[in-house]
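S.K.: Based on what follows, work out the 3D shape:
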Amino acid sequence: MEFTGITLVTGAAGFMGSHLVEYLARRGVRVRATARPRKDTSFFTRLGVEYVAADLTKPETLPPLFEGGVDRIFHLGAICNFSTPYEALYPTNVKGVEEITGLALKNGVRRYVHVGSTSVYGYYKGTPFREDSPREPRDSYGRSKRDGEDVVWRRMQEGLPAIITRPCTVYGPRCNDGAGKAFSRPTSITAIPGSGAQLLSNVRAEDVAAAVEHLSYLDSAVGQAYNLAEDTHPSLEEALMLASEAFGTKPPKLHLPLWLVKGVARMDGIVSARRGRIPDLELDAVRYLYDDYIVDNSKLKSTGYRMIYPEFRGSMKQIAEWYRAQATGTKTA
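M.R.: Okay, here's the model as predicted:
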């Protein structure tokens with residue numbers, strides 16, 4: 001499958017969306033980026049990418065996105081945190097999917113790639129999450145992502161050539177939201193939640209971008225779901241130590257019982273809500289720390305995709321170089 005028309009990227013101003021736009025632009029793809037209206041669009045201007053403002057919760061703003069011939073869509077437009085209630089997530093994470101997929105069908109889009117989340121699986125049950133694992137989300141964010149997926153599965157039955165992807169914890173340069181920010185920039189986390197022995201699954205934003213584009217070309221991927229995750233599973237303590245080393249912050253040494261971490265997260269959530277911000281450690285995110293969280297990526301790798309950052313330790317060394325380069329104003333590849 002080849003794409004000669006416009007590739008539309010929704011949620012293009014977000015963390016993952018911006019990495020995908022950057023990746024596609026460097027490969028010479030004709031990209032149309034969209035997100036909610038904003039004053040600063042210099043990021044897209046520097047890349048030579050067309051930017052068209054639209055709002056998934058305002059259907060009347062969406063038809064112009066399809067003008068000129070869109071033949072591929074990467075849908076990343078979503079609210080991505082554990083602090084927003086379902087009622088506030090629904091207009092974007094569910095109804096917005098209905099709107100964009102309906103227009104994709106109407107306009108004859110040749111490929112729709114949905115970027116969801118492994119949060120649809122819910123809490124860990126002792127075996128690595130595979131694409132056919134039960135979807136049993138236990139929080140508002142996970143439920144909204146499952147319900148958004150269900151829209152896509154239904155559209156497939158209506159003829160939409162769609163692919164569903166499920167990244168786990170995404171981290172990397174420019175990350176300011178979600179659990180991945182703990183490994184992407186200096187944070188206020190100064191203690192290790194619980195024993196610290198819990199195993200994690202993570203994935204770099206650059207791999208999300210490269211993997212979804214790789215899958216978009218595969219006719220065999222249509223109608224399928226794919227987990228996006230690294231090959232390795234560092235412990236929580238190891239991951240936090242590597243992050244502190246990367247960003248030159250004091251390594252956390254104190255272990256806090258998870259019941260106490262939950263209490264701190266609950267109070268921080270109340271204070272953060274009053275200040276209009278998302279806390280560094282969200283209460284619903286803490287609930288995932290009681291067990292391991294291992295995501296199986298073998299289905300993705302069976303398609304021939306090769307990870308850019310297959311293991312966490314090497315990835316954090318690269319992030320450390322990137323962070324130092326930002327601090328000194330030098331350029332990195």
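
S.K.: all strands for this protein, in order.
M.R.: Remark: strands assigned in the chain by DSSP state E are 6-10, 31-34, 50-51, 70-75, 111-115, 162-167, 169-171, 192-193, 202-204, 225-228, 255-256.

S.K.: wait, which of those strands is closest to Lys125?
M.R.: strand 225-228 (15.3 Å; CB to CB). Where C-beta positions appear, they are placed from N, C-alpha and C, glycine not excepted.

S.K.: Please name every helix or strand in contact with the closest one.
M.R.: Counting contacts by 3 or more CB pairs under 8 Å, 6 or more residues apart in numbering; DSSP states H and E, strand 225-228 packs against strand 162-167, helix 205-216, helix 298-301.

S.K.: ok, which stretches of the stretch 151-300 of the chain are helices?
M.R.: Counting by DSSP state H, counting those that start in this stretch, the stretch 151-300 of the chain has helices at residues 205-216, 236-247, 258-275, 283-286, 298-301.

S.K.: Mind putting these into JSON lines with mean neighbour count, distance to Arg146 and mean pLDDT?
M.R.: Shown next, in JSON lines, are the helices of the stretch 151-300 of the chain (neighbours: other CB atoms under 10 Å; distance: least, CB to CB, whole Å; pLDDT from 0 to 100):
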{"stretch": "helix 205-216", "mean neighbour count": "23", "distance to Arg146": "19", "mean pLDDT": "98"}
{"stretch": "helix 236-247", "mean neighbour count": "20", "distance to Arg146": "25", "mean pLDDT": "93"}
{"stretch": "helix 258-275", "mean neighbour count": "14", "distance to Arg146": "23", "mean pLDDT": "82"}
{"stretch": "helix 283-286", "mean neighbour count": "20", "distance to Arg146": "15", "mean pLDDT": "81"}
{"stretch": "helix 298-301", "mean neighbour count": "16", "distance to Arg146": "19", "mean pLDDT": "98"}
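
S.K.: Out of those, which gets nearest to Glu158?
M.R.: Nearest of the helices of the stretch 151-300 of the chain (CB to CB): helix 205-216, 19.5 Å.

S.K.: and the gap between Phe183 and Glu206?
M.R.: 14 Å (CB to CB, to the nearest Å).

S.K.: looking at the protein, which residue lies furthest from center?
M.R.: The C-alpha centroid of the chain is most remote from Leu254, which lies 29.7 Å away (CA atoms, centre = their mean).

S.K.: Verify the stated contact: that one with Ile192.
M.R.: Yes - Leu254 lies in contact with Ile192 (CB atoms under 8 Å); the separation is 6.9 Å.

S.K.: rewinding a little: and the helices and strands packed on strand 225-228 as CSV, adding distance to Ala54?
M.R.: What follows is the helices and strands packed on strand 225-228, written out as CSV (distance: least, CB to CB, whole Å):
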stretch, distance to Ala54
strand 162-167, 20
helix 205-216, 20
helix 298-301, 30
